[in-house]
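Chemist: build me a model from this:
(one chain, ligands or ions: 1)
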Amino acid sequence: MHVTYDIIIAGAGAAGMMAAISAGRLLESGKIVILEKEKRPGRKLLATGNGRCNLTNINADPDDYFGDEPRFARGPLHRFSTAAVLSFFSELGLKTRVDDQGRVYPWCNQSAAVLDVLRLELHRLGIEIITEQGVTSVDQVGSLFIGDKPLNREPEFEVKTANGQIYRARKVIMATGGLAAPALGADSSGLEIAEKLGHDLRKTMPALVPLELDSHISKKLSGIRFEAVASILQNESEVMRARGEFLWTDYGVSGIAAMEVSRAVSAYDGSSTILLDLLPDMSNEEIVSWIKTRIAQHPDLIVDSLLTGLFHRRMGEELIKHSISNSVIPTLEAVRLKTEHIVKIADCLKSLKIKVIGTRSWDQAQITVGGLDVRNFRPDSMQSRICEGLFAAGEVLDIDGPCGGFNLQWAWSSGWLAGFKAAGDLLKQEVSG
Ligand SMILES: Cc1cc2nc3c(=O)[nH]c(=O)nc-3n(C[C@H](O)[C@H](O)[C@H](O)COP(=O)(O)OP(=O)(O)OC[C@H]3O[C@@H](n4cnc5c(N)ncnc54)[C@H](O)[C@@H]3O)c2cc1C
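Modeler: As a prediction, the model looks like this:
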């Protein structure tokens, strides 16, 4: 004997919990359950924002999102905007703060606070989360007939889990997330289930992920932070740019701005180059003049120390080496430098070009590029065009955003809409039935 639910949600992440809440608020006495593969709900949510959870961004705009069909994001993001997310969490008692980049964090700076208020609301609405229930298949089972008399009014879904449980539901919402950070529960099971039901998959690749570079500089400077503007060049043309913080690592470069441009590297089959402007607020001429003034003020300075104070000492030395080591001995007095050497140093600081080998793996990625083709879903409801009664929300879909709260905003918006519409359809069916 199977328990039949009104709505089954696969995945207790940001999108799944939001879907359950919006459905539960509409279907006051409905039976809604979330089936979660892991031992605990919201594991990834807890890890977000370095444990602080950057839950949205007040500057998030639908045009900031990517995917094969990024316009799809507009519907959900308009229907449940950043303002709606802020008032939703405020009603749940979550006090938030906004930083100078528009990033919103819980006031207490702990992602657990976000998960806790969601769980309290799920509890208030009587919505169950059953953990260690990895969904392995979702099948549409037609109406049962006795003679020509239908036993049920509409087809149902049969949902099977890895430990042999079978559930039934009138609507199913797939909120199983993407492939990034497998240690936190991410895997391809949700994508495979939806694919079996006839949905198309857009190629998946890691994004918001560090970059591997073909240069000894990164290894030598591993652990040193710097500010820059990074451009990704493909066939000599700039395809993406970000300004912000970087961190040299053994393999290449990490930090928010490096992760930001990683999408362009992931999504391209050919080779990419990163172009770093290490002094974006100064022109080449201003840098040349700054160096000349420094030399004039410190005539006994050696070439190696020329950039000390402007950059981390080791980074300054390495940049000097990189730009003029072929022609100048680093221990030479800087006063002996010719203008052509100073121009070369300035050029290197404005446009340090390094070949990109690729990105790090899923383990270090924050999000997935690709996923379920959104053309198979309706942007005004998140319902599948291929399998009626099935909805999808969050990162399982081929929509992704930049760093800074945009991806959770997408999970909240799409989750809210999927839950609202799935519940709304059930209410309509009750009225017409
Ligand atoms: C380290 C890290 C930091 C991040 N920081 C931020 C940030 O600060 N701000 C931001 O906006 N975004 C951030 N992101 C991205 C953000 O976390 C995701 O985009 C967001 O969590 C996606 O929500 P989701 O509900 O779609 O998927 P998830 O949060 O991944 O939830 C999916 C859930 O489904 C479960 N599941 C999977 N398969 C099955 C199955 N077959 N059956 C049942 N359950 C299943 C998973 O265990 C998981 O609990 C970060 C990501 C990472 C990895």
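
Chemist: residue 258: how many residues sit nearby?
Modeler: 28 (other Cβ atoms under 10 Å). Every C-beta, even on glycine, is put in place using the N, C-alpha and C of the backbone.

Chemist: I misspoke; the intended subject was residue 112.
Modeler: 14.

Chemist: over to the one 5 residues further on?
Modeler: Other residues near residue 117 number 18, with proximity taken as other Cβ under 10 Å.

Chemist: which SS state does it fall under?
Modeler: Under DSSP: H, G, I helix; E, B strand; the rest coil, residue 117 falls in the helix class.

Chemist: what residues are up against residue 294?
Modeler: Applying Cβ atoms under 8 Å, 6 or more residues apart in numbering to residue 294 gives the contacts 301, 306, 334.

Chemist: what does residue 309 give?
Modeler: residue 316.

Chemist: show me where the stretch 151-300 of the chain has its helices.
Modeler: 189-196, 216-220, 256-266, 284-297 (DSSP state H, counting those that start in this stretch).

Chemist: over to the stretch 1-150 of the chain?
Modeler: Going by DSSP H, counting those that start in this stretch, the stretch 1-150 of the chain shows helices at 14-26, 43-51, 74-79, 82-91, 111-124.

Chemist: any idea what residue 240 is bridged to?
Modeler: residue 232 (DSSP bridges).

Chemist: wait, isn't it in contact with residue 261?
Modeler: Yes: the criterion here is Cβ atoms under 8 Å, and residue 240 meets it with residue 261 at 4.9 Å.

Chemist: between these two, which one's more packed in?
Modeler: More crowded of residue 240 and residue 261, by other Cβ under 10 Å: residue 261, with 24 against 19.

Chemist: my guess is that one meets residue 233, correct?
Modeler: No: the pair residue 261 and residue 233 fails to qualify as a contact (Cβ under 8 Å) at a distance of 10.5 Å.

Chemist: burial count for the residue of the chain found nearest the ligand?
Modeler: At 1.8 Å from the ligand, residue 13 is the closest residue in the chain, using Cβ to the nearest ligand atom. Neighbourhood size, residue 13 [other Cβ under 10 Å]: 30.

Chemist: same check, this time on residue 51
Modeler: 11.

Chemist: what's near enough to touch the nearest residue to it once chain neighbours are set aside?
Modeler: Excluding its sequence neighbours, the residue lying closest to residue 51 (Cβ to Cβ, 6 or more residues apart in numbering) is residue 111, at 5.6 Å. Listed by Cβ under 8 Å, 6+ apart, the contact partners of residue 111 are 45-49, 51-53.

Chemist: likewise residue 408?
Modeler: Applying Cβ under 8 Å, 6+ apart, the residues near residue 408 are 14, 45, 48, 53-56.

Chemist: which residues touch the residue lying closest to residue 129 once chain neighbours are set aside?
Modeler: Nearest residue to residue 129, sequence neighbours excluded (Cβ to Cβ, 6+ apart): residue 34, at 4.5 Å. Applying Cβ under 8 Å, 6+ apart, one finds that residue 34 lies in contact with 8-12, 16-17, 20, 41, 122, 127-130.

Chemist: can you pick the most crowded of the residues you listed?
Modeler: residue 9 (35 neighbours).
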